[in-house]
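[1] sequence first, predicted coordinates after that:
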Amino acid sequence: MSLHRASTGAVVHLGQVLGRGGEGAVHVVNDTPKLVAKIYSKAPDAAKVEKLRLMTRSHSPGLLGVAAWPVDLLTDERGVVRGFLMGRISSRQDAHRLYSPKSRRRTFPDADFRFVVRAATNLARAFAQIHVAGHVIGDVNHGNALIGKDGTAVLIDCDSIQVREQGRTFTCDVGSPLFTPPELQGKAFRGLRRTDASDRFGLAVLIFHLLFQGRHPFAGVYADGEMPLERAIAESRFAYGAHAESLGMLAPPGTLSLETFGRPVARLFERAFAPPGGEEERPSAIDWIEPLQDLESRLAACEVRPRHFHPRGESCCWCDIEKRTGARLFDDGQAAVTNDDAVTAAGLWKAIEGIHPPREPELPKSVEQEVRALARKDKWGSVVTRLVESLPAFLVGGIVAMPFLGLVIGLGRSVLLLSLLVCSGIAVSIYRETAGRSRGRRALRIEWDNAIKQWRSHTSAHLFASLRSDLEKSRKKLDELAEQQRKDLEGLVRLLERRQREAFLDKFEIDKALFLEVSRAHVEKLANRGYRSAEDIRRRSGKLHDFVPAAVVAELRSWAAQCEDNFVFDTRDMSYAAAAAEVEEKYRWERQHHLGVLGRGPELLAAKLDEITKARARADDHLHRKQEYLRLRREQEKQ
């Protein structure tokens, strides 16, 4: 099936599948790396097509900055709409990966709570842009919100958004009950006209998930047994609110209080999750931005755990939760991060491999034919020129042989000389004309060669390959760093294990042990030689034979071995934790540098691909102009 852009009719060539869902699949668009195409499994109905046309007409820089908004429709040979083009979004992860420590460590290894708050702020900004344009997201959920490494937010699956034009509303026919407000719980989504009040509720749930580490605002402990989330939402049983207890709800154990992040933020949540129809409406997306920015500015590092950022002037809320639950919410970035970095690097490299290199350029056929024809003419012209150039040698030979020729054929010398001069003049004239043409062909050939050489230099894919090679070096360097760090940690473990063993065996003193063969005299003799503990025996047992009997040596060695059998290496030792942190810090910055290089890789490759595509267009145009110039010049030389 051939696809065309509805706005221009240009053919669109699809690449690999980036993702697949219930409605269809998203493809790479070859030679247009900044766009992707969503192709529906079956052609959308007329209402959906009309909605998509409206969306492509209404896209703006503000919308394109925060959403994968449709920018052009794709039609087949019959003009039937099959999908649409939208901006490509790379190096981003689902918002829910910021919730739990495990997923956060894997996908956002450097994220602390400041980053989480910044992501929440940018989500509010994205919602605000949609609402300013007069649209309603409708299907709010954390799978439709993506977060970048810089904390920016982008909304996807925008073709489901509710849009409106000239009094007509194209509804969002899907939704997630856990992000749906009380007044819409239990209602069918198809054909349901929503207002931004439903988005305001969903946004508040998203922000609560982020700030409270994945907790749902209506998931609490119900006094009378089980309380399904949908019912809790429908009955406005906000588990963290000031009136939760009167509603039979309590916040789950081991969670933060609503006031942890300050009264302004708590007040916004109270308003967002209050029963509908109250005195105050739910906070808009814009209402969240300033309080969240203020919260981020008030965060300070914990004195005990530097990665714990909590509201300044308060005790560390994260340390308190960790003490109560045993969970590690924001890791200190020790050795385990290496495995997560490997996972992150693999994901980044997969994205890099998704940017296919440009094909090697092919010389235009008309130019190839021109060059081959010129080469043939030059070849035969050279043969003729060489024959003509040899005529003077034949003439000189003829002058020398002229007396003999005269005698043989009976002609006078003057007649032969005259004939020879006439032939010489003709030969010189032919030589001049032939040599001039040959030089002209050679000059044209040189100009063609230079033009083609210049064309190849501007159309080559080597710049893309060079950039890809640099990214490959960063990937290999990450592998090397992981191996080096592993070896350093193994060496550290061996060192600390040896030190712990030495300290452990030093506690077992010879003069306090019970022996059969070792007498008091032997103990004193051993002490005089520096043997006072099981560690001394283990370390220098080879010299015992010099001053004590063999039976004593055997019993001492057996005793030291029994002591050593009781040794267990304790990795909880604070000296190990500190040393492991030093090893991690040694590699951390270089590792993050290379991860940053890989993170920018897809964008850089896409930009380079675009640059090569434009350079090829300019080079092709220049080569065609050069071809026309040389054709006119060749015709002038023929005249």
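    Ah, there it is.
[2] quick check: which element contains E603?
    helix 574-638 (DSSP states H and E).
[3] quick one: mean pLDDT for that helix?
    For helix 574-638, the mean pLDDT works out to 71.
[4] what's the domain layout of this structure?
    With automatic domain parsing as the criterion, the domains of the chain are listed as 3-87, 92-331, 365-459.
[5] where's the spatially closest residue to F261 that is not a sequence neighbour relative to A120, distance?
    In this structure, F261 finds its nearest non-sequential neighbour in L295, 5.4 Å apart by Cβ to Cβ, 6 or more residues apart in numbering. Glycine gets a C-beta too; all of them are placed from N, C-alpha and C. Counting by Cβ to Cβ, to the nearest Å, the separation of L295 from A120 is 9 Å.
[6] show me which of these two is the more surrounded one.
    A120 (27 against 21; other Cβ atoms under 10 Å).
[7] give me every residue that touches the more buried one.
    L206, I207, L210, L211, W288, L292 (Cβ atoms under 8 Å, 6 or more residues apart in numbering).
[8] save those as TSV, and put in secondary structure too.
    Output for the contacts of A120, formatted as TSV (DSSP: H, G, I helix; E, B strand; the rest coil):
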residue	secondary structure
L206	helix
I207	helix
L210	helix
L211	helix
W288	helix
L292	helix
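[9] now the residues you listed as TSV including distance to C172 and pLDDT?
    Listed next are the contacts of A120 as TSV, based on distance: Cβ to Cβ, whole Å; pLDDT from 0 to 100:
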residue	distance to C172	pLDDT
L206	16	96
I207	21	96
L210	23	95
L211	26	95
W288	22	97
L292	26	97
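[10] find the residue closest to L210 in space, skipping its chain neighbours.
    L210's closest residue in space is A120 (Cβ to Cβ, 6+ apart), at 4.6 Å.
[11] what is the mean pLDDT for the helix or strand where the one you found lies?
    Element membership of A120, judged by DSSP H and E, is helix 113-132. Per-residue pLDDT over helix 113-132 has a mean of 96.
[12] likewise stretch 219-229?
    Summarised as a single mean, pLDDT over stretch 219-229 is 84.
[13] ok, residues contacting it?
    177-178, 216, 218, 232, 237, 239-240, 244, 248-253.
[14] alpha carbons of it, as PDB, please.
    Extracted in PDB, the C-alpha atoms of stretch 219-229 (Å, rounded to 0.1, in the frame of the first residue of the first chain):
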ATOM      1  CA  ALA A 219      -6.200   3.800  48.100                       C
ATOM      2  CA  GLY A 220      -6.400   3.600  51.900                       C
ATOM      3  CA  VAL A 221      -7.600   1.500  54.900                       C
ATOM      4  CA  TYR A 222     -11.400   1.300  55.000                       C
ATOM      5  CA  ALA A 223     -12.900   0.900  58.500                       C
ATOM      6  CA  ASP A 224     -15.600  -1.500  57.400                       C
ATOM      7  CA  GLY A 225     -13.600  -3.900  55.300                       C
ATOM      8  CA  GLU A 226     -12.700  -3.700  51.600                       C
ATOM      9  CA  MET A 227     -13.100  -0.600  49.500                       C
ATOM     10  CA  PRO A 228     -12.600  -0.900  45.700                       C
ATOM     11  CA  LEU A 229     -10.800   2.100  44.200                       C
END
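[15] in that stretch, what counts as buried?
    A219, G220, Y222, M227 (16 or more other Cβ atoms under 10 Å).
[16] list the ones among the residues you listed that fall in strands.
    Among those, the ones falling in strands (DSSP state E) are Y222.
[17] quick one on the thing from earlier: give me the buried positions along the helix holding A120.
    Residues of helix 113-132 classed as buried by neighbour count (16+ other Cβ under 10 Å): 113-131.
[18] now that helix, how far from the centre of its chain.
    Between the centre of helix 113-132 and the centre of its host chain there is 21 Å, according to Cα atoms, centre = their mean, to the nearest Å.
[19] same check on stretch 169-183?
    32 Å.
[20] just the CA trace of it, in CSV.
    The C-alpha coordinates for stretch 169-183 follow below in CSV (Å, rounded to 0.1, in the frame of the first residue of the first chain):
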residue,chain,number,x,y,z
THR,A,169,-17.4,18.3,19.6
PHE,A,170,-15.4,15.2,18.7
THR,A,171,-15.4,13.2,22.0
CYS,A,172,-12.8,11.1,23.6
ASP,A,173,-14.3,7.6,23.7
VAL,A,174,-11.9,5.9,26.1
GLY,A,175,-10.7,6.5,29.6
SER,A,176,-9.2,5.0,32.8
PRO,A,177,-11.5,4.7,35.8
LEU,A,178,-8.7,5.3,38.3
PHE,A,179,-8.2,8.7,36.8
THR,A,180,-11.9,9.5,36.2
PRO,A,181,-13.6,12.0,38.6
PRO,A,182,-16.5,11.0,40.8
GLU,A,183,-19.2,12.5,38.7
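[21] so which helix or strand takes in the residue nearest to F261?
    Assigned by DSSP H and E, L295 falls in helix 285-297.
[22] quick one: that helix to helix 113-132, angle?
    170 degrees (axes from the mean of the first three to the mean of the last three Cα atoms, to 10 degrees).
[23] for helix 285-297, output the C-alpha coordinates as CSV.
    Output of helix 285-297 as CSV, limited to C-alpha atoms (Å, rounded to 0.1, in the frame of the first residue of the first chain):
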residue,chain,number,x,y,z
ALA,A,285,-3.4,22.9,35.5
ILE,A,286,-2.0,26.4,35.7
ASP,A,287,-2.9,26.5,39.5
TRP,A,288,-0.4,23.7,40.1
ILE,A,289,2.7,25.3,38.4
GLU,A,290,3.7,28.0,40.9
PRO,A,291,3.2,25.9,44.1
LEU,A,292,5.2,23.0,42.6
GLN,A,293,8.0,25.4,41.5
ASP,A,294,8.0,26.8,45.0
LEU,A,295,8.2,23.3,46.5
GLU,A,296,11.2,22.4,44.3
SER,A,297,13.0,25.6,45.4
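[24] for that helix, buried residues please.
    A285, D287, W288, I289, P291, L292, L295, E296.
[25] need those in a markdown table (columns: distance to L471).
    Below are these laid out as a markdown table (distance: Cβ to Cβ, whole Å):
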| residue | distance to L471 |
| --- | --- |
| A285 | 37 |
| D287 | 42 |
| W288 | 38 |
| I289 | 36 |
| P291 | 40 |
| L292 | 35 |
| L295 | 37 |
| E296 | 32 |
